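> here is a sequence with its predicted model. Questions after.
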Amino acid sequence: MSGKLPTIQTDKLILGAGEICHFVDVAAIVTEKTYYKSRRVGGSYRIWRGFTMHTGDSTSVPITEPEYTKGILFITNKRIVFFAEKYGFDQKIEKLSAKKVYSDAITLQFGNKTYGLFVPNGDIPQAVIDLIF
C-alpha cells in the first residue's frame with residue numbers, strides 16, 4: 001500500500017533467473033461444472049405372451065453450477081501463478097489483457113482465457129499488478 005513491492009521468499013514456487021515474488025495469498029478459482037440429468041417418460045405394455053410393446057422418450061438436460069477450487073495465488077515480476085491440485089495456471093504477466101477487480105475477487109484475462117479468483121481483498125492483487133506495469 002506504500003507504493004513499494006515487497007520481496008517474498010517462497011519454497012512452493014520455482015523462480016526463474018531475475019524473477020522476484022511480490023505477492024502470495026490464498027485464493028479460490030471459480031469454474032463451471034456441467035452434468036446431465038435424464039428424464040424418462042413412457043411404459044411397457046404386454047400385448048400377448050412373448051410380445052411386449054415399449055413406448056416412451058428420454059431427454060437429457062445439462063445443468064451447470066459453479067465449482068470452487070482452493071489454491072495459492074503468486075504474483076511475480078514476470079508471471080501470475082495459481083497453484084492448485086485442479087485448474088491451476090501459470091501465465092506470463094505481459095500477456096495480461098484485462099483485469100476486473102471486486103471487493104473480494106479479481107478476474108484476469110489472458111488472450112481468450114479468463115480466470116475468476118476469489119481472494120481475501122481484491123484491491124491488493126490489483127495494486128501489485130499496477131506497480132509491476
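Alright, I've got the coordinates.
> what helix or strand does the residue nearest the centre of the chain sit in?
Central residue of the chain (CA atoms, centre = their mean): Ile29, 3.5 Å from the mean position. Take DSSP states H and E as the rule and Ile29 turns out to sit in strand 21-48.
> tell me the strands beside the next helix-or-strand element following that strand, with direction?
The element immediately downstream of strand 21-48 (helix or strand, assigned by DSSP H and E) is strand 51-76. Looking at strand 51-76 with DSSP bridges, its partner strands are strand 21-48 (antiparallel), strand 79-83 (antiparallel).
> mind listing what's buried along strand 51-76?
Taking 16 or more other CB atoms under 10 Å as the neighbour-count basis, strand 51-76 is seen to contain the buried residues Gly71, Ile72, Leu73, Phe74, Ile75, Thr76. C-beta: built from backbone N, CA, C; applies to glycine.
> greatest separation within the residues you listed: which pair is it?
The two members of the buried residues of strand 51-76 with the most space between them (CB to CB) are Gly71 and Thr76, at 15.8 Å.
> contact partners of the helix or strand harbouring Ile124?
Here Ile124 is covered by helix 123-132, with elements defined by DSSP H and E. Counting by CB atoms under 8 Å, 6 or more residues apart in numbering, helix 123-132 makes contact with 1, 3, 5, 22-23, 25, 73, 75, 77, 80, 93, 96, 99, 101, 103, 106, 119, all of which sit outside it.
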